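A.B. asks: when you get a sec, could you give me coordinates for this:
(one chain, ligands or ions: 1)
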Amino acid sequence: MECTYCGSDLANYDPVFVEATEDDERVPVGGFCNYACLSAYIDEEALTYGDACEWAPEE
Ligand SMILES: [Zn+2]
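C.D. replies: Numbers count the residues shown, from 1 in each chain. Have a look, this model is predicted:
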């Protein structure tokens, strides 16, 4: 299995596996070689879902 973010072989790491909850179902998001990759992945996904984010910059 490969890291969802960077594609490294997870056999070389102590991987972090993530699940999300969608409509009361647990959906696997992916595996990450460490929390740094997980955090970076979340940051990128947050950009993708920016429309749903309630972050409001000061005007
Ligand atoms: Zn990685």
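A.B. asks: C-alpha only now, for contacts and for neighbours.
C.D. replies: Noted.
A.B. asks: contacting residues for residue 37?
C.D. replies: The contact partners of residue 37, by CA atoms under 8 Å, 6 or more residues apart in numbering, come to 5-6.
A.B. asks: where's it, which helix or strand?
C.D. replies: In this structure, residue 37 sits in helix 35-48 according to DSSP states H and E.
A.B. asks: get me the contact residues on the protein for the ion.
C.D. replies: 3, 6, 33, 37 (CA under 5 Å from the ion).
A.B. asks: residues of stretch 17-25 that come out buried?
C.D. replies: Buried residues in stretch 17-25, counted by 16 or more other CA atoms under 10 Å: residue 17.
A.B. asks: centre of the chain to that stretch, how far?
C.D. replies: Computed by CA atoms, centre = their mean, to the nearest Å, the chain-centroid distance of stretch 17-25 equals 12 Å.
A.B. asks: any idea of the mean pLDDT in it?
C.D. replies: Per-residue pLDDT over stretch 17-25 has a mean of 86.
A.B. asks: residues contacting that stretch, please?
C.D. replies: Residues from elsewhere that reach stretch 17-25, judged by CA under 8 Å, 6+ apart: 26-32.
A.B. asks: would you reformat the residues you listed as CSV and include secondary structure and neighbour count?
C.D. replies: Compiled in CSV, the contacts of stretch 17-25 are given as follows (DSSP: H, G, I helix; E, B strand; the rest coil; neighbours: other CA atoms under 10 Å):
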residue, secondary structure, neighbour count
26, strand, 11
27, strand, 12
28, strand, 11
29, strand, 12
30, strand, 16
31, strand, 20
32, strand, 27
